[in-house]
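Student: test case, fold it:
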Amino acid sequence: MPVVIVSGTGTEIGKTVVTAAVAALALAGGRTVAVLKPAQTGVGPGEPGDTAEVTRLAGAVTAVELARFPEPLAPATAAARAALPPVRPEEIAEAAGKLATEHDLVLVEGAGGLLVRFDAAGGTLADAARLLGAPVLVVAPAGLGTLNATALTTEALRARGLDALGVVIGAWPAAPDLAARCNLADLPDVAGAPLLGAIPEGAGALGPADFRAGAGGWLAPALGGDWSAGRFAATFAPGPGAVPGRSRA
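Tutor: Numbering: from 1, shown residues only. Got it, this is the predicted structure:
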């Protein structure tokens, strides 16, 4: 998998921290890594964006940003309001393809969800994934509401002939409620893809050394770690009265 698309079921759910964890494990395994952020929104000139955060947490990645728009909006809207050229899926695919010739792994971190528009023609991250033939790693929240959003995202992938590599929970709470605990069994079922990790809430605030040391315990072997969905689910199995697989999240 020279290129992996990292997309969320929404915004502010941990895509950047998941990207950093995957990058950290790849670097620890001796691989060269590039992180591509097609459109950074809501960040002004000279301010650190998502690629800077990935670099801080993961280490020596090649960080590339194709465009930056100051307002925290969908990329197409942010570009139009700033009177700047948008980023098209073809440009994303071209940049990722070039990076893939020079690196063992390229992680393309989207903006918000899979079908957020990048340009006025309706181009999305899914279109870039299709052009690249790249699998998509879906980042989802832990609790109530995540099953529907995850199912919609993975159905959209399948409808476009794209592969869902798996699902990672972007922020697993220190004190998970019943919905979050039941969702450990339900998420892979509704997604039709394996659960590949759970990042502890607040992991992005760790120092780089602690983050890199912890990453292997947060992600499954498919992503370079030793996290086990079975062990994790067993640890947080719902108590008496709950019916696993019947969460209404």
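Student: hmm, residue 86 is touching residue 73, no?
Tutor: No - here residue 86 lies out of contact with residue 73, judged by C-beta atoms under 8 Å, at a distance of 11.9 Å. For the C-beta atoms, the positions are set from N, CA and C on the backbone; glycine is no exception.
Student: between these two, which one's more packed in?
Tutor: For residue 86 versus residue 73, the count of surrounding residues by other C-beta atoms under 10 Å is larger for residue 86: 22 against 18.
Student: for the more buried one, give its distance to residue 94.
Tutor: Shown here: residue 86 relative to residue 94, a distance of 15 Å by C-beta to C-beta, to the nearest Å.
Student: what of residue 60?
Tutor: Note on residue 60: its distance to residue 94, by C-beta to C-beta, is 24 Å.
Student: from the chain's centroid, how far away is stretch 149-157?
Tutor: Once both centres are worked out by C-alpha atoms, centre = their mean, to the nearest Å, stretch 149-157 turns out to sit 14 Å from its chain's centre.
Student: please shift the residue numbers so they start at 51 in all later answers.
Tutor: Will do, 51 is the new start, and the previous item becomes stretch 199-207.
Student: quick one: mean pLDDT over that stretch.
Tutor: Model confidence over stretch 199-207 averages 97 on the pLDDT scale.
Student: hmm, back to that, higher neighbour count, residue 110 and residue 144?
Tutor: Just comparing residue 110 and residue 144: by other C-beta under 10 Å the higher neighbour count belongs to residue 144, 15 against 10.
Student: quick one: the more buried one from residue 108, how far?
Tutor: Using C-beta to C-beta, residue 144 is found at 24 Å from residue 108.
Student: so in that sheet, which strands flank the strand or helix carrying residue 86, and in what orientation?
Tutor: Residue 86 belongs to strand 83-91 when assigned by DSSP states H and E. Strand pairing for strand 83-91, using DSSP bridges, gives strand 112-119 (parallel), strand 155-163 (parallel).
Student: deepest-packed of the ones you listed, please.
Tutor: A comparison of the strands paired with strand 83-91 by mean neighbour count, using mean count of other C-beta atoms under 10 Å, puts strand 155-163 on top with a mean of 26.
Student: centre of the chain to that one, how far?
Tutor: Strand 155-163 has its C-alpha centroid displaced from the chain centroid by 6 Å (C-alpha atoms, centre = their mean).
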